[in-house]
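> Sequence first, then the predicted structure, then my questions.
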Amino acid sequence: MADDTTGVFGISVAAEMVSMEVQNLRVYERRGLLEPDRTEGGTRLYSPADVERLHRIRKLLAEGLNIAGIGRVLELEAEVLRLRSQNRRLRDQP
C-alpha cells in the first residue's frame, strides 16, 4: 500500500493536477524544489506530497516570489515542522 510520499502520478498527470506546464515541473526539480521518485527507466513519478508541494509552489509564485525565494520559504517551513516535532517529543518525555 502506497503512502503519500510514494510516487504514483506521471509528470503529465501531476502537471494537470496543479494546472502547470510539464516544463515547469522539470524546472522546479532542476532547481531542487522537489524530488519525484524515478522508475528504473528514469520516468518521474510524483507522490501526493509532491502534488501538495507543487500547489504550495504555485501559491508562492502567485504571491510574487521567485524560485530562489520559494526554495528558501520551503526550507524554512520544513525546518519549522522539524523543530515543532522535536519540541513535542521533548515535552512528552517523562
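Good, I have the coordinates.
> if I look at residue 25, how far off is residue 83?
Per CB to CB, to the nearest Å, residue 25 is found 29 Å from residue 83. The way it works is simple: take the backbone N, C-alpha and C, and place the C-beta from them, glycine included.
> Kindly report the same for residue 19.
For residue 19 relative to residue 83 (CB to CB), the value is 32 Å.
> Check residue 5 too.
20 Å.
> Please apply the same query to residue 70.
Distance from residue 70 to residue 83, counting by CB to CB: 20 Å.
> do the same with residue 63
Counting by CB to CB, the gap from residue 63 to residue 83 is 24 Å.
> so what's residue 53 up against?
Residues in contact with residue 53 (CB atoms under 8 Å, 6 or more residues apart in numbering) are 33-34, 74.
> cutoff 10 Å now
Applying CB atoms under 10 Å, 6 or more residues apart in numbering to residue 53 gives the contacts 18, 28, 33-36, 46-47, 74, 77.
> again, but for residue 69
So residue 69 contacts 60-61, 63 (CB under 10 Å, 6+ apart).
> do the same with residue 55
Contact partners of residue 55, counting by CB under 10 Å, 6+ apart, are 17-20.
> Figure out how far the helix or strand hosting it is from the centre of its chain.
Using DSSP states H and E, residue 55 falls within helix 48-62. Its chain's C-alpha centre and that of helix 48-62 lie 7 Å apart, by CA atoms, centre = their mean, to the nearest Å.
> tell me the mean pLDDT for stretch 43-52?
Stretch 43-52 comes out with an average pLDDT of 96.
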